[in-house]
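*Asks:* 3D model of this:
(one chain, ligands or ions: 1)
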Amino acid sequence: MLNLIIIGAPGSGKGTQAQLIQEHFGLRHFSTGAQIRREIAAGTEIGNTVKDCVERGELVSDELVNKIVESAISQDTQGLIFDGYPRSLAQEEVLDALLKKYHETPIRAFIYLDVRKELLIERILERGKTSGRSDDTLEVFEDRYKAYLEETAPLIDSYRKKGILVEIDGNDTVENIYADHIKPLMESYLK
Ligand code: AMP
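*Replies:* Sure, this is the predicted structure:
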């Protein structure tokens, strides 16, 4: 079993790279953001509770996200790529506890895609043309970016201390980032 985290600011390409890892290496891509959007689209109780928060670019409550994550971890047998989770130091602790409770397999690597802000904005605006996501706008980007800097960026140091931080320069094309960094990394884990 292999458990990985892929993280970065909005527009960093974490979802796209996680998807490529799923396609090529068979690890399941688990995105809390995508799961939350499905709940909203289906109009479930959870979806209705978090809708405004997501549209404002804020993080939704830990209690709710942790529930979604526990459900995925408890059903998983192969290992997951966590995309967009954990997003705070409190969530990091919960993730460690959940992996211990269900699998005894800790996180192997925290893959951080480092992308400069101008490029993030460019990508989000481009994605907004087709994604249908109400949070892919310049205004909401700024709030999501603020949440990222305040809540999520401290995780980078935390995982560095744990010795499992993998920093990747994400200022490149999807294809190059995958071929130069992600693919070799995955091959090293799975050999
Ligand atoms: P993402 O698809 O990762 O950009 O997430 C989209 C939105 O879902 C975020 O802006 C948050 O409102 C919410 N979200 C996703 N993951 C989390 C998380 N781990 N904790 C809190 N909110 C989250």
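*Asks:* only C-alpha atoms for contact and neighbour calcs from this point on.
*Replies:* OK.
*Asks:* Show residues contacting the helix or strand containing residue 176.
*Replies:* Per DSSP states H and E: residue 176 is located in helix 174-177. For helix 174-177, contacts defined as Cα atoms under 8 Å, 6 or more residues apart in numbering pick out 13, 16-17, 169-170.
*Asks:* what's the neighbour count on residue 8?
*Replies:* 24 (other Cα atoms under 10 Å).
*Asks:* and what of residue 118?
*Replies:* With other Cα under 10 Å as criterion, residue 118 counts 8.
*Asks:* any residue of the helix or strand hosting it up close to the ligand?
*Replies:* Residue 118 belongs to helix 117-131 when assigned by DSSP H and E. No. Using Cα under 6 Å from any ligand atom, helix 117-131 stays clear of the ligand, with a minimum separation of 10.2 Å.
*Asks:* Distance from the helix or strand following the helix holding residue 176 to the middle of the chain?
*Replies:* Next helix or strand after helix 174-177 toward the C-terminus (DSSP H and E): helix 183-190. For helix 183-190, the separation from the chain centroid amounts to 19 Å (computed by Cα atoms, centre = their mean, to the nearest Å).
*Asks:* Check stretch 136-155 too.
*Replies:* 13 Å.
*Asks:* in it, what counts as buried?
*Replies:* By neighbour count with 16 or more other Cα atoms under 10 Å, stretch 136-155 contains the buried residues 136-137, 140-141, 143-145, 147-148, 151-153, 155.
*Asks:* average pLDDT for that stretch?
*Replies:* The average pLDDT within stretch 136-155 is 97.
*Asks:* just stretch 67-85 next, same as before
*Replies:* Average pLDDT, stretch 67-85: 96.
*Asks:* Show me what counts as buried in that stretch.
*Replies:* Buried residues in stretch 67-85, counting neighbours by 16+ other Cα under 10 Å, are found at 69-70, 73, 79-85.
*Asks:* Just the ones of those in strands?
*Replies:* Counted as lying in strands by DSSP state E, out of those, are 80-83.
*Asks:* Which parts of the protein are strands?
*Replies:* Under DSSP E, the chain gives strands at 4-7, 28-31, 80-83, 109-114, 165-169.
*Asks:* would you list those strands in CSV and tack on distance to residue 57?
*Replies:* Formatted as CSV, the strands of the chain follow (distance: least, Cα to Cα, whole Å):
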stretch, distance to residue 57
strand 4-7, 17
strand 28-31, 16
strand 80-83, 17
strand 109-114, 20
strand 165-169, 25
